[in-house]
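Chemist: Fold the stuff below for me.
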Amino acid sequence: SIEKNVFVGPGAVIRADELGSSIDIKANCNVQDRVIVHALESSSVTVRENTSLSHGCIVHGPCIIGKNCFIGFGSVVFRANIEDRVCVKHLAVVEGVDIPAGRIIESGRAIMDNNDALDLKYTSEEIKDFMAQVLKANLDLTRLYKKTRKREVV
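Modeler: Predicted coordinates:
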């Protein structure tokens, strides 16, 4: 299911096609170009409210991504539980771990052990602002698309 006010960019793939799989993308999310969201058999993917999945990232179930998160360009999330307000920067791998709320995973890092996850730094105000700006920009696109479409129908 995809809730209201979700931006889905060109070339994004969202598929829960294996037996017993499901995907739930909550309201006000941003799924950019070439993002892949896929759930394995008997697994689920949940992307909670106000989260950005940026260009070319892969979110593969089973996993949960919390509210107000950012998953960076080309990053991979698999079998992970990411709590609220986490920033996964670009080309990172997050696999088989629980990421505590409010942390940042720097570009190129591989976090595949819960001990590594506990040592992650907290997200700075600058990064929080960046995450909010990305989400706003893409939700603004959603609103503009809806306005344009209404004009065409009239």
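Chemist: where does the chain dip in pLDDT?
Modeler: By pLDDT under 70, the low-scoring segments of the chain are 149-154.
Chemist: Closest to the centroid, which residue in it?
Modeler: Closest to where the C-alpha atoms of the chain average out (Cα atoms, centre = their mean) is L53, at 3.5 Å.
Chemist: is that residue in a bridge, and if so with what?
Modeler: Here L53 sits in beta bridges with V31, I71, as judged by DSSP bridges.
Chemist: For it, which residues are in contact?
Modeler: Contacts for L53 (Cβ atoms under 8 Å, 6 or more residues apart in numbering) come out as 29-32, 35, 37, 47, 59, 65, 71. From N, CA and C alone the C-beta is placed, and that goes for glycine too.
Chemist: These: which two are farthest apart?
Modeler: Q32 and I65 (14.1 Å; Cβ to Cβ).
Chemist: now the contacts of L53 in TSV, with neighbour count and distance to K128?
Modeler: What follows is the contacts of L53, written out as TSV (neighbours: other Cβ atoms under 10 Å; distance: Cβ to Cβ, whole Å):
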residue	neighbour count	distance to K128
C29	26	17
N30	26	16
V31	26	21
Q32	21	19
V35	22	22
V37	25	24
V47	30	19
V59	28	21
I65	29	16
I71	29	15
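Chemist: Against V47, how distant is the closest residue to T51 other than its chain neighbours?
Modeler: Take T51 and drop its neighbours on the chain: the residue closest to it by Cβ to Cβ, 6 or more residues apart in numbering is C69, 4.5 Å away. C69 sits 8 Å away from V47 when distances are taken as Cβ to Cβ, to the nearest Å.
Chemist: what does G96 give?
Modeler: Note on G96: its distance to V47, by Cβ to Cβ, is 18 Å.
Chemist: C63 too?
Modeler: C63 sits at a distance of 9 Å from V47 (criterion: Cβ to Cβ).
Chemist: list the helices and strands the longest helix anywhere in the chain packs on?
Modeler: Once the chain is assigned using DSSP state H, the helix that runs over the most residues is helix 125-153. With contacts defined as 3 or more Cβ pairs under 8 Å, 6 or more residues apart in numbering; DSSP states H and E, helix 125-153 has these neighbours: strand 7-8, strand 30-31, strand 52-53, strand 70-71, strand 87-88.
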